[in-house]
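**Q** have a look at this fold, sequence not included:
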């Protein structure tokens, strides 16, 4: 079950199998009407229930009066993502090393999709998964952008290098700023966990480390914000190059 108007609509638009949509009686029509039109065109049942029932069923606190029973999001295969990147060069991947907050995971998937990334790679252990919260935070982007779950991030980075990717890690220990790094070729951007950052082995596997200039009293940014800035710098450079 997923909640939120945008995630539910994106699930429909992406062609996901939706068993049923539940809408709170009296919900504001903004966004709901579009969901109902898409559901009708796809033969998906829409059921209206009291708001209290929605609150009891909802897997997330902010559901906007709309829930849907959707087939689970399946993780993609790394080979499929690499093929996708090869057909639309230059490749752009986001690799998450130990992101534990599902809100951050969803936000990073959303940013990666918006920036034109070909896929997101996450770890299997000590990392957030594609839960209802992550799906909601992604605003439905998870239904469009493939997410790969791997056992070993370091080994996966080595595989990406073999396929021609340049691995750029976001690290406060970097000597170069993000603005000094060339992101126009096939790139895998690595963002570390909320507290520890990139692990030592992963950092050693990166081809180059880059940091964001910080002028204020706070020494670092939220992981999802930092990841979005790295992704959009890559998009900016590629847009100028095209």
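**A** Structure's in. What do you need? If you're wondering where the values come from, they're calculated on a predicted model, not measured in any experiment.

**Q** CA atoms for contacts and neighbours, from now on please.
**A** Fine.

**Q** you'd agree residue 48 is up against residue 20?
**A** No - the pair formed by residue 48 and residue 20 falls short of the contact definition of C-alpha atoms under 8 Å, at 10.8 Å.

**Q** need the phi and psi values for the closest residue to residue 178 other than its chain neighbours.
**A** Closest residue to residue 178 apart from its sequence neighbours, by C-alpha to C-alpha, 6 or more residues apart in numbering: residue 210 at 5.1 Å. Backbone torsions for residue 210, taken as degrees, to the nearest 10, come to phi -140, psi 150.

**Q** residue 210: neighbour count?
**A** 20 (other C-alpha atoms under 10 Å).

**Q** which stretches of the chain form helices?
**A** Along the chain, counting by DSSP state H, helices occupy 5-13, 32-41, 51-57, 78-87, 102-114, 132-137, 153-162, 200-205, 223-241.

**Q** the ones you listed: lowest mean pLDDT?
**A** In terms of mean pLDDT, the lowest-scoring of these is helix 51-57 (a mean of 88).

**Q** which residues does the one residue sitting closest to the centre of the chain contact?
**A** The centroid of the chain falls nearest to residue 109 when counting by C-alpha atoms, centre = their mean (0.9 Å). Listed by C-alpha atoms under 8 Å, 6 or more residues apart in numbering, the contact set of residue 109 reads 120, 138, 141-142, 145.

**Q** how about 6 Å then?
**A** Applying C-alpha atoms under 6 Å, 6 or more residues apart in numbering, one finds that residue 109 lies in contact with residue 138.

**Q** any idea how far residue 154 is from it?
**A** 20 Å (C-alpha to C-alpha, to the nearest Å).

**Q** what's the answer for residue 178, then?
**A** Residue 178 sits at a distance of 22 Å from residue 154 (criterion: C-alpha to C-alpha).

**Q** try residue 2
**A** Distance, residue 2 to residue 154, using C-alpha to C-alpha: 32 Å.

**Q** more crowded one of these two?
**A** residue 2 (26 against 20).
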